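Q: Sequence plus the predicted model coming up.
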Amino acid sequence: MTTRENGGAAVPARLRELPSRLLGLASTHAQRLVAETLGRADAHKWHYAAMVALEECGPASQAALSDRTGIHRSDLVAVINELAERELVERAPDPEDRRRNVITLTTPGRRRLRRLEQLLDAAQDELLTPLSATEREQLTHLLGRIVEHHTHGGHAAEPDGR
């Protein structure tokens, strides 16, 4: 049995039901939606990630911020430069090691982060429109388990918490 998808092309049922394909398609939609949403606010996902990490974990060296966000160190320099130019973060020499910088979220950066969070909340709502609140929580939990399993070598907890 086939159904219409992707501009009207028939897609075989076995493809429609393949979890990896569905995750990939959902991811593509999610990434596009987030990029468009942040783009309208003259921001990028890496701006958001860096500001969240600084707010949640506090000031950090560039190396620590790279570890916290998963942004490659060479790419993070450009992100920090863009945020610093907008006065959303401050870069200052580390008092313990003057060879490195400590990055701190500024008050305007916190305000900007609140605005980006509002926009992303709306984007998440748009992405997850077909799901109830309970289904959204379940999906988030299940996706988290998949990511945890593949990130930490297959040691994700079982459904009963073991």
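A: That came through fine.

Q: Alpha carbons of the strand ranked longest in the chain, in CSV - could you do that?
A: Across the chain, the longest stretch assigned as strand under DSSP state E is strand 97-105. Once non-C-alpha atoms are left out, strand 97-105 reads as follows in CSV (Å, rounded to 0.1, in the frame of the first residue of the first chain):
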residue,chain,number,x,y,z
ASP,A,97,45.4,31.9,33.1
ARG,A,98,45.9,35.1,31.0
ARG,A,99,46.5,33.0,27.9
ARG,A,100,42.8,32.1,27.7
ASN,A,101,39.6,34.1,27.6
VAL,A,102,36.5,33.7,29.8
ILE,A,103,33.2,34.3,28.0
THR,A,104,30.3,35.8,30.0
LEU,A,105,26.7,36.4,29.1
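
Q: Who are the packing partners of that strand?
A: Packing contacts for strand 97-105, counted by 3 or more Cβ pairs under 8 Å, 6 or more residues apart in numbering; DSSP states H and E, involve helix 45-57, strand 60-61, helix 62-69, strand 89-94. Where C-beta positions appear, they are placed from N, C-alpha and C, glycine not excepted.

Q: Helix or strand: which one has the residue nearest to residue 52 when sequence neighbours are not counted?
A: The shortest distance from residue 52 to any residue other than its chain neighbours is 6.8 Å, reached at residue 113 (Cβ to Cβ, 6 or more residues apart in numbering). Of the helices and strands defined by DSSP states H and E, residue 113 is found in helix 107-127.
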